[in-house]
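**Student:** Kindly generate the corresponding structure for this input.
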Amino acid sequence: MNDEMLQRPRSSQIYYNGKLFDYPLQAGHALAKLGPVETLRCILSYAWTKARPYRKLVSLEQWAANNFGRSLFQIFFKTYTEKV
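**Tutor:** Below is the predicted model of the structure:
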């Protein structure tokens with residue numbers, strides 16, 4: 001399509017708990033908006049999955065948990081995946 005193809009910048013966001021989060025997620029920005037308790041939960045969840053990852057990945061949930069931690073999966077990925 002060469003010159004016929006138009007490119008447009010776009011911005012995607014996730015609405016969660018009354019706040020907008022940039023997508024793709026940026027760890028620092030997301031954790032700052034989640035608040036101290038939920039941030040701590042996400043950090044601990046991430047550390048746990050890094051210490052004990054799924055060895056054989058058979059689902060998107062396992063892949064996301066290995067890469068982001070189960071808490072971030074539950075907050076941002078689970079509901080979106082269910083909708084799609």
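
**Student:** What residues does the most centrally placed residue in the chain make contact with?
**Tutor:** Closest to where the C-alpha atoms of the chain average out (C-alpha atoms, centre = their mean) is F76, at 4.9 Å. F76 makes contacts with I14, Y16, F21, L25, A30, F68, as judged by C-beta atoms under 8 Å, 6 or more residues apart in numbering. Where you see a C-beta, it was placed from the backbone N, CA and C, and this is true even at glycine.

**Student:** Could you double-check that the first one sits in contact with L20?
**Tutor:** Translated: I14. Yes - counting by C-beta atoms under 8 Å, I14 touches L20, with 7.1 Å between them.

**Student:** Settle it for me: which of these two has more neighbours?
**Tutor:** Taking other C-beta atoms under 10 Å, I14 and L20 do not tie; I14 has more neighbours (17 against 10).

**Student:** For this structure, give the helix that spans the most residues.
**Tutor:** The longest helix of the chain (DSSP state H) is helix 36-51.

**Student:** In it, which residues are buried?
**Tutor:** Residues E38, R41, C42, S45, Y46, T49 are the ones in helix 36-51 that count as buried (16 or more other C-beta atoms under 10 Å).

**Student:** check which helix or strand covers the closest residue to the third one other than its chain neighbours.
**Tutor:** Taking C-beta to C-beta, 6 or more residues apart in numbering, and ignoring the residues beside it in sequence, C42 has S71 as its nearest neighbour in space, at 4.4 Å. S71 is part of helix 70-72 when elements are defined by DSSP states H and E.

**Student:** now the helices for the chain?
**Tutor:** 27-34, 36-51, 60-68, 70-72, 78-83.

**Student:** Let's have those helices in JSON lines, adding distance to R8 and mean pLDDT.
**Tutor:** Below are those laid out as JSON lines (distance: least, C-beta to C-beta, whole Å; pLDDT from 0 to 100):
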{"stretch": "helix 27-34", "distance to R8": "23", "mean pLDDT": "87"}
{"stretch": "helix 36-51", "distance to R8": "33", "mean pLDDT": "95"}
{"stretch": "helix 60-68", "distance to R8": "28", "mean pLDDT": "93"}
{"stretch": "helix 70-72", "distance to R8": "29", "mean pLDDT": "93"}
{"stretch": "helix 78-83", "distance to R8": "22", "mean pLDDT": "80"}
